[in-house]
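*Asks:* Next one to model:
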Amino acid sequence: MIYLDHAATSLPKPEPVVMAVTAAMNCLGNSGRGAHSASLGASRMIYETREALSDFFGGDGPEQVVFTPNATAALNTVIQGILNPGDRAVTTAMEHNSVLRPLYRMEKQGVSLCVVPADEKGRLSMERLEQELKPGTKALFCTHASNVTGNVNDLKTIGTMCRDRGILFVADVSQSAGILPIDMKEMAIDILCFTGHKGLLGPQGTGGICVRKGVSVRPLIVGGSGILSYSREHPAQMPVALEAGTLNGHGIAGLKAALTYIREQGQDILRKKELELMWYFYDQVSRLSQVTVYGDFSSRKALRTPVVSLNIGEEDSGWAAGELAERYGIQTRAGAHCAPLMHEALKTRDRGAVRFSFSHLNTREEAEMAVYAVEQLCREVE
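*Replies:* Numbering: from 1, shown residues only. As a prediction, this is how the structure comes out:
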């Protein structure tokens, strides 16, 4: 198998991650639910992971790091926890359904929603975005990188615009965390939502929220917290305020190991290898007359994630992905990628696109085989 679907989830996980999860399953108890060594060991590990994440994202400290099962849970918690009927929210056509669907739900409850469009290459107009950050806007919800095109938004510029206007800036870094440098303070991010199983190389079932001090989010779920058990109200102090129920301690242990792996390997070094593979693949397939590539590849100096989405001839993306898998053992993803507005901008609503997403775990030989397979499919549709 040649696995080129790392934008969906990284595979395989680094060996230290696998070992950390296995060890945790054999020795960790339930964090915050006891004073014995197994429970305290889990609490200590989780706190250390909060510290590592806060440092990794330039956050406001470990107590401001909240764990969730995934980025979808993180985004739902934030969107439904800061918006009220009558508020105005702004988002973009680049967003995943994990942002759009909760916002549509809030729109039905009386929130005014504005969606900033993307152009035919999947790019935002910063001028148009700035125009929509009008007085009375409560929050902007914006992705760092598109899961379809790999295009990257300038979060520092966007965050500064929001901060100058007193608008909350919520960044979805699901596609960029672990790949691109992220600093909440430098980028003026108020709330950051992430997943642990993609670029961060951790286990599935991990994700979270980093909240700037002074920003309040209502809990989406309340219940067991391990503290203040006689209170009818869920505890208000962070991070317990947004963490009802048992945490995924086994997964968090793996995420901690993944963060250590990225730090030791060097995030810049890993990204360089990924982009070298991506650019090689792009350079080869973009020359083929039967291939249409989506996204902005105009500058090699611009930040982007290692993603190339394409279609072959007039064929449906599902056909191409199926042929790649069955005949060449190449695993990609086809379809709409849970990003409907992006596909409308790219004019691929009816057939989607085949997404190739690379990792430092891939090799040049695998990229060459992917090029060869695309070339063969192109010959068949001529």
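*Asks:* So which bits of the strand or helix carrying L255 are buried?
*Replies:* Per DSSP states H and E: L255 is located in helix 249-265. By 16 or more other C-beta atoms under 10 Å, the buried positions in helix 249-265 come out as 249-259, 261-262. To be clear about C-beta, it is placed using only N, CA and C from the backbone, and glycine gets the same treatment.
*Asks:* what's the answer for stretch 45-55, then?
*Replies:* Applying 16+ other C-beta under 10 Å to stretch 45-55 flags 45-46, 49-54 as buried.
*Asks:* For it, what is the distance to the chain centroid?
*Replies:* Taking C-alpha atoms, centre = their mean, to the nearest Å, the mean C-alpha location of stretch 45-55 is offset from the chain mean by 19 Å.
*Asks:* so for it, what's the average pLDDT?
*Replies:* Mean pLDDT, stretch 45-55: 97.
*Asks:* just stretch 272-280 next, same as before
*Replies:* For stretch 272-280, the per-residue pLDDT averages 98.
*Asks:* Restrict that stretch to CA atoms and write it as CSV.
*Replies:* Provided in CSV are the C-alpha atoms of stretch 272-280 (Å, rounded to 0.1, in the frame of the first residue of the first chain):
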residue,chain,number,x,y,z
LYS,A,272,10.6,20.4,4.0
LYS,A,273,10.5,16.7,3.1
GLU,A,274,6.7,16.7,2.7
LEU,A,275,6.7,19.7,0.4
GLU,A,276,9.6,18.3,-1.7
LEU,A,277,7.4,15.3,-2.4
MET,A,278,4.3,17.4,-3.0
TRP,A,279,6.1,19.7,-5.4
TYR,A,280,7.7,16.8,-7.3
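*Asks:* For the closest residue to I179 other than its chain neighbours, grab the count of nearby residues.
*Replies:* By the measure of C-beta to C-beta, 6 or more residues apart in numbering, the closest residue to I179 outside its immediate chain neighbours is G199, 4.1 Å from it. G199 has 30 neighbours, counted by other C-beta atoms under 10 Å.
*Asks:* Was I right to think G199 contacts P181?
*Replies:* No - counting by C-beta atoms under 8 Å, G199 stays clear of P181, with 11.7 Å between them.
*Asks:* Please pull up the helix or strand immediately following the helix holding L255.
*Replies:* Assigned by DSSP H and E, the successor of helix 249-265 is helix 267-285.
*Asks:* Can you pull out the residues in contact with that following helix?
*Replies:* 150, 178-181, 262, 291, 293, 297, 300, 304, 306-308, 310, 356, 358-360, 362, 364, 366-367, 370-371, 374-375 (C-beta atoms under 8 Å, 6 or more residues apart in numbering).
*Asks:* Please identify the buried residues of it?
*Replies:* So, applying 16+ other C-beta under 10 Å, buried residues of helix 267-285: 270-271, 273-275, 277-282, 284-285.
*Asks:* Among the buried residues of stretch 45-55, which are located in helices?
*Replies:* 45-46, 49-54 (DSSP state H).
*Asks:* which one of those is nearest D316?
*Replies:* Of all those, D316 sits closest to L53, with 40.0 Å by C-beta to C-beta.
*Asks:* How much space separates that closest one from G214?
*Replies:* 19 Å (C-beta to C-beta, to the nearest Å).
*Asks:* One more: I269?
*Replies:* Distance from I269 to G214, by C-beta to C-beta: 36 Å.
*Asks:* Next up, phi/psi of S112, please.
*Replies:* phi -80, psi 130 (degrees, to the nearest 10).
*Asks:* swap in the one 10 residues further on?
*Replies:* Listed backbone geometry of G122 is phi 80, psi 20, with angles given as degrees, to the nearest 10.
*Asks:* Which of the three states applies to the spatially closest residue to Y104 that is not a sequence neighbour?
*Replies:* Here the nearest residue to Y104 in space, its sequence neighbours aside, is L113; by C-beta to C-beta, 6+ apart that works out to 7.5 Å. Under DSSP: H, G, I helix; E, B strand; the rest coil, L113 falls in the strand class.
*Asks:* burial measure for L113, as a count.
*Replies:* Neighbours of L113 (other C-beta under 10 Å): 17.
*Asks:* List the residues that contact it.
*Replies:* L113 touches 88-91, 103-104, 106-107, counting by C-beta under 8 Å, 6+ apart.
*Asks:* repeat that with 10 Å
*Replies:* L113 makes contacts with 83, 87-91, 100, 103-104, 106-107, 141, as judged by C-beta atoms under 10 Å, 6 or more residues apart in numbering.
*Asks:* Tell me the confidence at it?
*Replies:* pLDDT, L113: 98.
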